[in-house]
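Trainee: I'll drop the sequence and a predicted model, then ask my questions.
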Protein chains: 2
Amino acid sequence: MPTYKVTYFPVKALGEPIRFLLSYGGVEFIDDRFDRANWPALKPTMPFGQVPVLEVDGKKINQSMAICRYLAKQFGLTGKDDWQNLEIDVAVDNINDLRTRLGAAHYEANEEAKKEKRKVADELVPFYLERLDAQVKKNGGYFVGGSLTWADIYFVAILDYLNFMATYDLVEKYPNLKQLKDKVLAIPSIKAWVDKRPDSEC
Amino acid sequence: MPTYKVTYFPVKALGEPIRFLLSYGGVEFIDDRFDRANWPALKPTMPFGQVPVLEVDGKKINQSMAICRYLAKQFGLTGKDDWQNLEIDVAVDNINDLRTRLGAAHYEANEEAKKEKRKVADELVPFYLERLDAQVKKNGGYFVGGSLTWADIYFVAILDYLNFMATYDLVEKYPNLKQLKDKVLAIPSIKAWVDKRPDSEC
C-alpha cells in the first residue's frame, strides 16, 4: 500500500475532493494542514508553487482534478468505458468552470471589477445548476451511468467551498443535486471522514 | 469509424488541440467554424452554452481538455500506466493554468484591474515556462515518459493562442519547449493540417 500525504491550507476547498477520495478508498493518509503564515516559505518547495499537493510514496504531485482522477482509478470510481470516463471528466470540468466564475468574483481585489464579476456569476449559477440537476435526474441520481463515480464525490466535496464563495446554499432549490449530496455524505467512509475532519470556514 | 464534427469560433484557441488530435488520428472531421454574429443564436443549442463542442456520431460534448483526453485514448497518445496518465493530466492542467492567467489579463474589461492582472501574468509566465522547459528536458524532449503523448500535442496546439494573449512568443527563450514545438509541427499528419487550416489571428 503506498503512503499518501495531502498538503494544503487548513481549509476544505480544493483539498477536500482528494481527502474524500482517500477516505472512500479506505487508505490511511497524512492530512498535512499548514498555517497560512508559513505559505511563503513552503511555496517554493511545491511543484508549480501550488497546493493542494498529494505525495504518493514521497513523489509530489499538484493539480487537484488530475489527482482525483488518478485516485478514482485506484479505488474503482471511474466509468465503465472511455465514453463514460469522458462524461465524468466533462461533468468535473463543468463544475470547475462554475468554481472559476465564483472565484473570479470572490477573489477580485478591484471593487468595480468585483461587482461586474459578481453579476456574471449570479447569472451563471442558475444556468449551470439547472443543467447539472437535470443531468443527475436523467442519470438515475448520479452524474454519469446510474452509479457512483468520482464526479459525484468531487461535486459534494467541493460544494462547501462553492457555497462559501457564492454566500448561499447552491443546491437548496435543486432536489436532484440535494439528494446526491445527502447520498454521498451517507457513505460510511465519507461520513466517518466528515465527522472527524477539523472544522474550517470553507 | 465514428463521424466527428468540431464546432467553434473561426479561431484556433481552445478548438485547435481537438483539431490537432483528430488530424493526428488520421480521421475525417467536419471543421465547423461559425461566424461570431451567429453565436447568440447557437449558444442555447450547445451543452452548458459553450464551445468548442465535439460531436461524435451526433452526440455533443463540451470541455476541450476532456475531449482531448478521450481522443488521445482512441489514438494511442496516452501514458503507459496510471502514473504516467496522472503526469500527463498534471502537465495539461498546468498549461491550462497559464492560459487562465493570461486570459484573466487579456479579457479583463476594467482597465485598472487589467493592469493588475497583466502584472500577475507577466510574473507567472517565466515561472511556469522555466518549469515546463525543465520538465521537457528531464523527460527526453517530451512532457512525460520520453515519448509523444497528448500533453505535447495539447501544448503546441494551444501555443498560438497563449502567444496571442501574451503578445509575444512564449517559447523563444526556452530551447526545450521550442524543440518540442518544432518536433510536433513536423509530424506529417499535423503538418498537413497546419498547411491546410484556415488562417486566423489566434
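Mentor: Yep, it's here.

Trainee: Which positions in chain A make contact with chain B?
Mentor: Contacts of chain A with chain B, taken as CB under 8 Å from any CB of the partner chain, map to A:47-50, A:61-63, A:65-67, A:69-70, A:73-74, A:82-83, A:85-87, A:89-90, A:92-94, A:97, A:100, A:104, A:108-110, A:112-113, A:116, A:127-128, A:131. For the C-beta atoms, the positions are set from N, CA and C on the backbone; glycine is no exception.

Trainee: so A:Asp133 touches A:Asn176, yeah?
Mentor: Yes: when contacts are counted by CB atoms under 8 Å, A:Asp133 is listed as touching A:Asn176 (4.8 Å).

Trainee: related to what we said a few turns ago, out of the residues of chain A next to chain B, which end up buried?
Mentor: A:47-48, A:61-63, A:65-67, A:69-70, A:74, A:85-87, A:89-90, A:92-94, A:97, A:104, A:108, A:110, A:113, A:116, A:128 (16 or more other CB atoms under 10 Å in any protein chain shown).

Trainee: Checking A:Ser23 next. Helix, strand or coil?
Mentor: helix (DSSP: H, G, I helix; E, B strand; the rest coil).

Trainee: Find me the pLDDT at it, would you?
Mentor: Note on A:Ser23: pLDDT of 98.

Trainee: Report the contact partners of it.
Mentor: A:189-190, A:192-193 (CB atoms under 8 Å, 6 or more residues apart in numbering or on different chains).

Trainee: and what of A:Tyr8?
Mentor: Per CB under 8 Å, 6+ apart, neighbours of A:Tyr8: A:14-15, A:32-34, A:51-53.

Trainee: again, only this time at 10 Å
Mentor: Going by CB atoms under 10 Å, 6 or more residues apart in numbering or on different chains, A:Tyr8 touches A:14-16, A:18-19, A:31-34, A:51-54, A:64.

Trainee: What's the ChimeraX line that selects buried ones from those residues?
Mentor: Burial among the contacts of A:Tyr8 is assessed by 16+ other CB under 10 Å; the matching ChimeraX selection reads:
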select /A:14,15,16,18,19,31,51,52,53,54,64
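
Trainee: So which of the contacts of A:Tyr8 sit within helices?
Mentor: Counting by DSSP state H, the contacts of A:Tyr8 place A:16, A:18-19, A:64 in helices.

Trainee: before we move on, back to that, just the buried subset of the contacts of A:Ser23, please.
Mentor: Using 16+ other CB under 10 Å, the buried ones in the contacts of A:Ser23 are A:190, A:193.
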